[in-house]
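Asker: Here is the input, now give the coordinates:
(one chain, ligands or ions: 1)
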Amino acid sequence: MKTAARIDDIAPFHVMDILARAQVLESTGCDIIHLEIGEPDFATPQPIIEAGIAALRAGHTHYTGALGLPQLREAIAGFYATRWQAEVTTSRVIVTPGASGALLLALGLLAGPGDEVLMADPGYPCNRHFAQFCDARAVAVPVDADSGFQLTLQHIERHATSATRVILIASPSNPTGTAIDPAELARIHDWCGAHDVALIVDEIYLALTYDGDEHSAARWADVFIVNSFSKYFLMTGWRLGWLVAPAWAIDGLERLAQNLFLAASTPAQYAALAAFSADTLSELENRKAELHSRRDYLLPALRERGFIIPVQPQGAFYLYADCRALTNDSFTLAQTLLETIGVAVTPGLDFGQHHAQHYLRIAYTQPLPRLAEAVERLDGFIRP
Ligand SMILES: Cc1ncc(COP(=O)(O)O)c(C=O)c1O
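Answerer: Alright, predicted model coming up:
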């Protein structure tokens, strides 16, 4: 049977092949160090789990409204006030199935056939596919170390056309962990306002910022802000995120949500109510501190071994390492590292085209002793 043409343009996620191969190797007894997958190794905090179980026992197994559980929307709005000193009205918060659901809603609202969505290359790969799914054109703008692997106003002025409808920024970024300069974001925000272009800022890693302040774009009421319970809140598998949207957009987004997925998972929404308690937040801050110390260990360790990481990544849990000292083919290198030393990493090719063959994304989602073991194995590989 013939499938839709858009399917041909959806690139596979190479990391899933790496993961599958890693699992085969593990089944034969190999010890694999997993630095490929973009999710923390920590379990969801216990209060959230308990709240989820209690919700199931209490029979909270029916749909919520498409915009989400009112108490949760309110709690999310409150988090903006306490954590980021940003005023967000509850009515502008939409609870979604992960940040993925939020990105799909925002792009579904804003981008259609003939429209262009500007985004950084390297960047989170699903974004270009979301745009394509909306029959819009993803314009991948090559970014380098000189701009901290983030879009600048100059990039935007160079690549925008009359078809540009959306600028999509993720800060801190996946795969680079680097954050956008707040002054540059303000300039981009002004440009978007002047050109009637929507600005989406993906802040899924914002609460995992180790250096400097956490600047949320929620200080502007006309920006679409994507966030999630997946990363900082350690709830990847619960599939829960949110979108903060301008007031004018809520009606259209609600109709889209009603039709695309009806609502986010109800038990997950009840569970997430416990995510904002003092106990949970204190555990999450401890986890964040652990991630921070992993970064501070792995970043110099990789640099000492010839990997080029020109900009210190301020957040997330990724190092985007230029490995041209070892190879011009990071895709093959990722396979070789897995096969020979049992270290699984993600090839740059998963994040775009720009110098992708020189880069590996290394996720520090393993405890420090395992990271040290990975570095030791790398030593054996580099200097046998
Ligand atoms: C930048 C970025 N945005 C969105 C997502 C999707 O996350 P979620 O699990 O909330 O759907 C990810 C997941 O890795 C990501 O890295």
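
Asker: and the next element down the chain from the helix or strand harbouring Leu298?
Answerer: Assigning secondary structure by DSSP states H and E places Leu298 in helix 278-304. For helix 278-304, the following helix or strand on the C-terminal side (DSSP H and E) is strand 318-322.

Asker: now the angle from that following strand to helix 278-304?
Answerer: Inter-element angle recorded for strand 318-322 and helix 278-304: 10 degrees (by axes from the mean of the first three to the mean of the last three CA atoms, to 10 degrees).

Asker: how about strand 318-322, does it get close to the ligand?
Answerer: No: Strand 318-322 lies out of reach of the ligand by CB under 6 Å from any ligand atom, never closer than 8.7 Å. The way it works is simple: take the backbone N, C-alpha and C, and place the C-beta from them, glycine included.

Asker: and the angle from the helix or strand that that strand is followed by to strand 318-322?
Answerer: Next helix or strand after strand 318-322 toward the C-terminus (DSSP H and E): helix 330-341. In terms of direction (the same axes, to 10 degrees), helix 330-341 departs from strand 318-322 by 110 degrees.

Asker: who are the neighbours of helix 330-341, in terms of helices and strands?
Answerer: With contacts taken as 3 or more CB pairs under 8 Å, 6 or more residues apart in numbering; DSSP states H and E, helix 330-341 sits against helix 14-27, strand 343-344, strand 346-347, strand 359-363, helix 368-382.

Asker: ok, now with 10 Å
Answerer: Identification of packing neighbours for helix 330-341 by 3 or more CB pairs under 10 Å, 6 or more residues apart in numbering; DSSP states H and E yields helix 14-27, strand 33-34, strand 343-344, strand 346-347, strand 359-363, helix 368-382.

Asker: Quick one: mean pLDDT over that helix.
Answerer: Confidence for helix 330-341, expressed as mean pLDDT, is 96.

Asker: Name the residues of that helix that are buried.
Answerer: By 16 or more other CB atoms under 10 Å, the buried positions in helix 330-341 come out as 330-331, 333-335, 337-338, 341.

Asker: Out of those residues, which comes closest to Asp8?
Answerer: Nearest to Asp8 among the buried residues of helix 330-341 is Phe331, at 20.7 Å by CB to CB.

Asker: And whatever helix or strand Tyr80 lives in, how far out from the chain middle?
Answerer: Remark: Tyr80 resides in helix 70-84, with elements defined by DSSP H and E. Computed by CA atoms, centre = their mean, to the nearest Å, the separation of helix 70-84 from the middle of its chain amounts to 20 Å.
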